[in-house]
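**Student:** predicted coordinates and the sequence they were generated for:
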Amino acid sequence: MNTKQKAYKIAKEQMYDNDAFSQWLGIEIIELDAGKAVLQMTVRKEMTNGFDIAHGGITYSLADSALAFAANAYGRKSVSVETSISHTIPVKTGDQITATAIEDSLSNKIGIYRIVIKNQENKTVALFKGTVYRTSQEWDN
């Protein structure tokens, strides 16, 4: 099994298929590999706040899922220990947003990831940074 096949088996079959919240968000998996994930979703009206823009938790949640899928794709169960997000431009109903998670650093116990979220016009709408703790537990491969 190559790294992409392993990533899909873990992130799609063992994580996403049991993740009711990511499914409610309407997240689609575009690409997966060890240390990388590209996810996409469309913002719905019920995801907006009183300013008629997407609630900050929507982009955060998309990025958090990208972090989880990228970090866990190696086969070791990994959990976030620190995350942060900066929102750069508003996201509105109907916007299609794409989160790309890239691994910046990986050690035996810690992984650091940068997630860029862009809209359908390829404009950056948010920047997310996540640190995960890599446990010694393995996913079923």
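**Tutor:** Now that the structure is in, tell me what you want to look at.
**Student:** helices along the chain, start to end?
**Tutor:** Assigned by DSSP state H, the helices in the chain fall at 3-8, 20-25, 56-72.
**Student:** can you flag the weakest of those helices by average pLDDT?
**Tutor:** Mean pLDDT across those is lowest at helix 3-8; the value there is a mean of 92.
**Student:** any buried residues in that helix, and which?
**Tutor:** For helix 3-8, the buried set under the neighbour-count rule, 16 or more other Cβ atoms under 10 Å, comprises 6-8. Placement of C-beta: from N, CA and C, glycine included.
**Student:** before we move on, what about stretch 127-141?
**Tutor:** The neighbour-count check on stretch 127-141 (16+ other Cβ under 10 Å) flags 127-132, 134, 139 as buried.
**Student:** pLDDT check: weakest of the residues you listed?
**Tutor:** Lowest pLDDT within the buried residues of stretch 127-141 is found at residue 139 (92).
**Student:** which residues does that one contact?
**Tutor:** Counting by Cβ atoms under 8 Å, 6 or more residues apart in numbering, residue 139 makes contact with 10, 14, 72, 75-77.
**Student:** kindly report the same for residue 109.
**Tutor:** Shown here is residue 109, whose contacts under the criterion Cβ under 8 Å, 6+ apart are 133-134.
**Student:** tell me the phi and psi of it?
**Tutor:** Main-chain dihedrals, residue 109, degrees, to the nearest 10: phi -120, psi -20.
**Student:** that one and residue 76, how far apart?
**Tutor:** From residue 109 across to residue 76, the span is 10 Å (Cβ to Cβ, to the nearest Å).
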